[in-house]
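A.B. asks: the sequence and its predicted three-dimensional model are supplied below.
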Amino acid sequence: MEIITWENELREKISQEEDHTLFDESIRCLKSECYRAGYIIAWVSIAESLKKKIYDSSNLGDKRADKIHQKILLDESKSQSVDKLIFDSAIDLKLVDDHDVSKLKFLWDQRCIFAHPYSIAPSKDDLKYIITAAVDICLSKPLLYRRNFLDDLIQNLLIRPYFLTDDSESNQLFARRIVSRIPNELHTYFFKTLLFSLGTIQDDDKKIKIQGKFRLFIIELLKCSPIELSVLDWAIENRATEFPYTSILGFVHPDIWVKLPLRVKDLLIEYAVQEENESKQVVIRRIIGHVFKENKLDLSHQNLFVKYLNSIEFRLAYNYYGNTKSLYSRILMEFDSGKFVKQNEVVEYLRKREGVSFVNGIDIEKQIVIGVKIMVSARENSWKSQYFLNDLINSQTRTTLGVCCGILKGSIILNDSYFSLNIEYFKKALSIINLLDDDDIIYVFDYIIQVIDNYEAFSVFDKDEINKIDKDNPNIKSITYSKLVQLMDCLYKHTD
């Protein structure tokens, strides 16, 4: 029972399925009391595991491992023993933990003794010892990459654009696999070297894809590392202070932002809103905007970033507002500016897929306000707003019920201060409302009538203006006509 428990505990530790074969054979030798054979098989399991790690390192670009692998193949082709070469090379390549080297040397010496039939035979305990050591030193440990491998990897990323494909998903899996095999003590070294190398190419527009691959590795490293980012060995505050753009490009990401010390966040946000280089601004907005959209920015940092976005042109900013509240406020600000250029940019945005999605995502009251703003700016000769109304009339574009309701409201009510009926634009709005479903037409007119009846401020409509409304327009539906009559009756109540 004791042997079975010991065997099962070791078996669960083995990381590679193919390593079970020699392990099982050595266990069978133990149970059959063939201790010498079992010892040799257990040693072979160590040698084969180390040889495979040398081979895997070679395949991943480790130049030293590749030379050793070629030497192993050459010696094997000459039927020469390669155990000593594998043993020494594994130690040189740091494929064996330092504290296990002396144990491995002892096992090698014992293997040399026990391999000969005229020498002393291993005992049961000797065999159990080497089987346990084989698992603990080699079979339970996946390949861990060392500094020389990491240096070669970074060089490959830097100078060989073909080293990774353009498939971001496969690159992420590759990076994750590499990071999972880097010893914790090398995490900070790998981070600093990656970030430094990224800094050498950050201004080269021809190496944008390579920059992205460096960023991918840095983010995967910081996501997976168990070491707190406040630990001084990372030197992240120093990097953020001395190389803020490289830092943003390299490791600002929603999953990393929450792990950064507050001081580092403050430094990076302050830099982001003050950087004047236009090409860098584009990258900064995209990266910080992503963090904002994932709701990972602290409130104070949100306010700083929104203030910055509000200071630049709307067309450059709208993609990076992290919530609808901030974007909605900016849209109203642009409409209320009274400047056609700003109003036109907003209307153009509202036509785009992103703008349609934004409008669909806000409540109907906010949609109505936007509809009012579009109509008011059209009445003030904003040509993009006028085109927008005409396209709605001609069914060349579509919008929500709330915006349509606001458009009709804006033809009657300029703002919260006073009513102002514009017959020309009222007729345009009427044509737009007439295209709605019957229930929506009823909703719009009932809403407008309620607004007018509940309006507390003094307001006057001109009867002559109201009489210019053509109730007998043959192009309007009967339900539209019926509700229009009700609206006109309401308007007459507010005439002088």
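C.D. replies: Everything's here; your move.

A.B. asks: pLDDT on the longest helix along the chain, on average?
C.D. replies: Determined from DSSP state H, the single longest helix within the chain is helix 35-59. Average pLDDT, helix 35-59: 90.

A.B. asks: cool, and stretch 423-432?
C.D. replies: 91.

A.B. asks: residues making contact with that stretch?
C.D. replies: Residues outside stretch 423-432 that contact it (Cβ atoms under 8 Å, 6 or more residues apart in numbering): 375, 378-379, 389-390, 392-393, 404, 407-408, 410-412, 465, 468-470, 473, 475-476, 480, 484. Quick note: C-beta positions are derived from backbone N, CA and C, even for glycine.

A.B. asks: got the phi and psi for residue 412?
C.D. replies: phi -120, psi -40 (degrees, to the nearest 10).

A.B. asks: show me the residues around it that make contact.
C.D. replies: Contacts of residue 412 (Cβ under 8 Å, 6+ apart): 419-421, 426, 448, 452, 491.

A.B. asks: 6 Å instead, please
C.D. replies: Residues in contact with residue 412 (Cβ atoms under 6 Å, 6 or more residues apart in numbering) are residue 421.

A.B. asks: quick one: pLDDT of it?
C.D. replies: Confidence score, pLDDT, at residue 412: 87.

A.B. asks: tell me, how many residues neighbour the nearest residue to residue 361 once chain neighbours are set aside?
C.D. replies: Distances taken as Cβ to Cβ, 6 or more residues apart in numbering put residue 324 closest to residue 361, at 6.0 Å, once the chain neighbours are dropped. Per other Cβ atoms under 10 Å, the neighbour tally for residue 324 reads 15.

A.B. asks: how much space between the closest residue to residue 33 other than its chain neighbours and residue 34?
C.D. replies: Distances taken as Cβ to Cβ, 6+ apart place residue 124 nearest to residue 33, at 7.4 Å, with adjacent residues excluded. For residue 124, the distance to residue 34 equals 11 Å [Cβ to Cβ, to the nearest Å].

A.B. asks: higher neighbour count, the two?
C.D. replies: A count of neighbours by other Cβ under 10 Å puts residue 34 above the other of residue 124 and residue 34, at 15 against 12.

A.B. asks: next one: phi and psi at that one?
C.D. replies: Dihedral angles (degrees, to the nearest 10) for residue 34: phi -90, psi 70.

A.B. asks: how close does it get to residue 392?
C.D. replies: Note on residue 34: its distance to residue 392, by Cβ to Cβ, is 89 Å.

A.B. asks: could you check the pLDDT of residue 335?
C.D. replies: pLDDT recorded at residue 335 is 95.

A.B. asks: which other helices and strands contact the helix or strand hosting it?
C.D. replies: Residue 335 belongs to helix 324-336 when elements are defined using DSSP states H and E. Under the contact criterion of 3 or more Cβ pairs under 6 Å, 6 or more residues apart in numbering; DSSP states H and E, helix 324-336 touches helix 340-351, helix 364-379.

A.B. asks: do that again at 7 Å, thanks
C.D. replies: Counting by 3 or more Cβ pairs under 7 Å, 6 or more residues apart in numbering; DSSP states H and E, the packing neighbours recorded for helix 324-336 are helix 340-351, helix 353-361, helix 364-379.

A.B. asks: list the buried residues in the shortest one.
C.D. replies: Read that as helix 353-361. 355-356, 358-359 (16 or more other Cβ atoms under 10 Å).

A.B. asks: now tell me what touches it from outside.
C.D. replies: Residues outside helix 353-361 that contact it (Cβ atoms under 7 Å, 6 or more residues apart in numbering) are 319, 324, 327, 349-350, 367, 370, 399-400, 403.

A.B. asks: moving C-terminal from the longest helix of the chain, which element do we reach first?
C.D. replies: Per DSSP H and E, the first helix or strand lying C-terminal to helix 35-59 is helix 63-77.

A.B. asks: circling back to that earlier point, make JSON lines from the buried residues of helix 353-361 and add pLDDT and distance to residue 177 to it.
C.D. replies: As requested, the buried residues of helix 353-361 are exported to JSON lines (pLDDT from 0 to 100; distance: Cβ to Cβ, whole Å):
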{"residue": "355", "pLDDT": "95", "distance to residue 177": "41"}
{"residue": "356", "pLDDT": "95", "distance to residue 177": "41"}
{"residue": "358", "pLDDT": "96", "distance to residue 177": "39"}
{"residue": "359", "pLDDT": "96", "distance to residue 177": "43"}
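
A.B. asks: distance of residue 311 relative to residue 294?
C.D. replies: Taking Cβ to Cβ as the measure, residue 311 falls 23 Å from residue 294.

A.B. asks: swap that for residue 308, please
C.D. replies: Where residue 294 is concerned, residue 308 sits at a distance of 18 Å (Cβ to Cβ).

A.B. asks: also residue 275?
C.D. replies: 22 Å.

A.B. asks: ditto for residue 370
C.D. replies: Taken as Cβ to Cβ, the span from residue 370 to residue 294 is 26 Å.

A.B. asks: these two: which is more packed in?
C.D. replies: Neighbours around residue 370 and residue 294, counted as other Cβ under 10 Å, are more numerous at residue 370. The numbers are 27 against 14.

A.B. asks: next one: that one, what pLDDT does it get?
C.D. replies: Residue 370 is given a pLDDT of 97.

A.B. asks: give me the secondary structure label for the closest residue to residue 146 other than its chain neighbours.
C.D. replies: Among residues not flanking residue 146 along the chain, residue 94 sits closest, at 4.0 Å (Cβ to Cβ, 6+ apart). Following DSSP: H, G, I helix; E, B strand; the rest coil, the label given to residue 94 is coil.

A.B. asks: how about stretch 33-51: buried residues?
C.D. replies: Going by neighbour count (16+ other Cβ under 10 Å), the buried part of stretch 33-51 is 35-51.
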